[in-house]
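# Got a predicted structure plus its sequence, pasted below:
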Amino acid sequence: IYDCPDKLYQPGYREVKKSKRGVTEPSSRKVFVTGLPFNARSKDVKMYFEKDMKCGKVSYCKLLIFEDTKRCKGNGFITFESDEGARNALKLDRTEFQLGGSDNKKDSKDKKEKKSLWLGVKKVRNRAR
């Protein structure tokens, strides 16, 4: 219906080569974080890096979640507003992670000692080809 007789059709004109799909230089402000607790929320992790660890202003925090339970998988991506903030976060690799709300009544009644979580912070890399 909308074909124009003068239009030249070139298949694959706007496609990116298969070897180059998804391969871009990642931002130096983005870090990958592992070792987060399952009950972590995006705003809690954001506050942890901004206020508690004083890394710098976080512009975006994306936690990976399970589809069925909507709980955190323990991993996430954090984007800082400056390169210095990302460098400060990378220094936190292999440090003990303590989220703010661990002093509630349920934890004090629990006889077992909670396993400490170790934070892993890595630089985001390119996708594999």
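Received the coordinates, thanks. Residues are numbered from 1 along each chain as shown.

# What are the boundaries of the strands in the protein?
Listed in chain order, the strands of the chain (DSSP state E) span 30-34, 58-65, 72-80, 95-97, 117-123.

# Mean pLDDT per helix and strand in this structure: which one sits at the bottom?
helix 105-109 (a mean of 49; mean pLDDT, DSSP states H and E).

# now the angle from the longest helix along the chain to strand 30-34?
Longest helix in the chain by number of residues (criterion: DSSP state H): helix 83-90. In terms of direction (axes from the mean of the first three to the mean of the last three Cα atoms, to 10 degrees), helix 83-90 departs from strand 30-34 by 20 degrees.

# The most centrally placed residue in the chain and Q10: what is the separation?
With distances taken as Cα atoms, centre = their mean, F77 lies nearest the centre of the chain, 1.0 Å away. Distance, F77 to Q10, by Cβ to Cβ, to the nearest Å: 37 Å. C-beta here means a position set from N, CA and C on the backbone, and glycine is covered the same way.

# try R29
38 Å.

# more neighbours, the two?
Taking other Cβ atoms under 10 Å, R29 and Q10 do not tie; R29 has more neighbours (21 against 6).

# Can you give me every residue that contacts the more buried one?
S59, T79, F80, E81, S82, D83, G85, A86 (Cβ atoms under 8 Å, 6 or more residues apart in numbering).

# what do you get for K123?
P26, S28, V31, F32, A86, L90.

# The third one: what's it in contact with?
Going by Cβ under 8 Å, 6+ apart, V31 touches F77, I78, F80, A86, A89, L90, V121, K122, K123, V124.

# wait, the fifth one sits on S82?
No: distance between A89 and S82: 10.9 Å, which falls outside the contact criterion (Cβ atoms under 8 Å).

# Quickly note the distance from R125 to S27.
In terms of Cβ to Cβ, R125 sits 12 Å off from S27.
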